[in-house]
Structures are given as structure tokens and as C-alpha cells.
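In: Sequence below, structure please.
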Amino acid sequence: QFFFVNKSLNPNYLHSNSTSHTWPFSAIAELIDNAYDPDVCAKQLWIDKTQIKGVDCLTFMDNGAGMDYDAMYKLLSFGFSDKRSLRGHAAVGMYGNGFKSGSMRLGKDVIVFSKRRNSMSVGMLSQTYLKETKASNIIVPIVTYNRVGSQNILFQ
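Out: Modelled structure (predicted):
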């Protein structure tokens with residue numbers, strides 16, 4: 001599967017949902033919290049600001065467990081969370097909204113790259129794409145590759 005469509009949400013929801021963060025630092029805190037959750041187990045987190053074609057871009061990178069297609073799908077879906085405490089480490093995310101609201105507060109587009117074992121996934125949530133294509137529903141492209149030996153083979 002290369003994308004999914006959330007037929008119940010209009011693309012304008014991405015912006016209105018992001019306004020739950022009154023300032024950028026609460027949005028950044030949401031993204032940091034994701035690395036802290038017990039299913040991620042990140043020991044380090046890097047945040048960087050760079051420019052691509054004259055546009056400021058923030059990158060968040062951690063050394064956590066990574067995501068396969070199912071985990072990426074859940075991250076980019078609205079209102080889904082299966083976060084649980086693990087060995088006394090309380091999960092921060094409970095409502096399945098923080099990543100979407102935080103990332104859309106900081107910018108109009110987000111691309112997520114992740115690797116878990118032999119699975120590599122790329123997902124995109126983009127207000128720019130939805131506006132340019134005049135989408136009436138939120139469309140979320142996700143592409144996943146499975147590494148077999150030295151070859152990358154598309155499997156989702």
C-alpha cells in the first residue's frame with residue numbers, strides 16, 4: 001500500500017489541529033516525547049535546523065527502535081494510540097494526536113524516515129501536497145521497503 005486516505009477528515013483539519021499548541025516549544029516537546037516513550041527506547045535525540053532550497057527545516061532524529069509499516073501507519077493516523085507503560089516507564093502519548101499536532105504547528109509538511117530491523121519506511125503528511133492536489137480528504141503516502149541481503153525490495 002502506498003498511501004491511505006482518511007475519508008472523515010478534511011485537509012483543513014491539519015492546520016486547525018495544530019493550533020492546540022499556542023507556541024512552538026510545546027510542539028517541539030510533543031516530538032521529543034515520542035522518543036521518550038517506552039516502545040521507542042531512544043537513548044539519544046538530535047534536533048537540527050537547516051535550509052533546503054531557502055526554506056528552514058527542522059530535523060528530529062533519535063536512536064530508538066524505529067518503525068515498520070504498521071507502526072508508521074499508526075503514527076500518521078488520527079486518534080490511534082496503543083502506548084502502554086513498560087517496566088514502570090510510563091508512556092507519554094495516549095491520544096494519538098501529538099505527532100500530527102506538533103509537526104503541523106512547526107511547519108506545513110513532515111517526512112518521516114524510519115528503519116526497524118530489515119524494514120525501511122517513509123511517510124509524508126503534507127498540507128502543501130493536499131492544497132496543490134485540491135484533496136478533499138487527508139491523503140498520507142507511506143512507502144516501505146524490506147531489505148533482503150544487499151537488495152532493497154518494495155513490499156508494501
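In: average model confidence for the longest helix along the chain?
Out: Longest helix of the chain, by residue count under DSSP state H: helix 24-36. Confidence for helix 24-36, expressed as mean pLDDT, is 90.
In: Only the buried residues of the helix or strand that comes right after it, if you could.
Out: Heading C-terminal from helix 24-36, the first helix or strand you meet, by DSSP states H and E, is strand 45-52. For strand 45-52, burial by neighbour count (16 or more other CB atoms under 10 Å) applies to residue 45. From N, CA and C alone the C-beta is placed, and that goes for glycine too.
In: just checking, what packs against strand 45-52?
Out: Counting by 3 or more CB pairs under 8 Å, 6 or more residues apart in numbering; DSSP states H and E, the packing neighbours recorded for strand 45-52 are helix 24-36, strand 55-62.
In: Run me through the strand neighbours of the last one, direction for each.
Out: In other words, strand 55-62. Within its sheet, strand 55-62 is paired with strand 45-52 (antiparallel), according to DSSP bridges.
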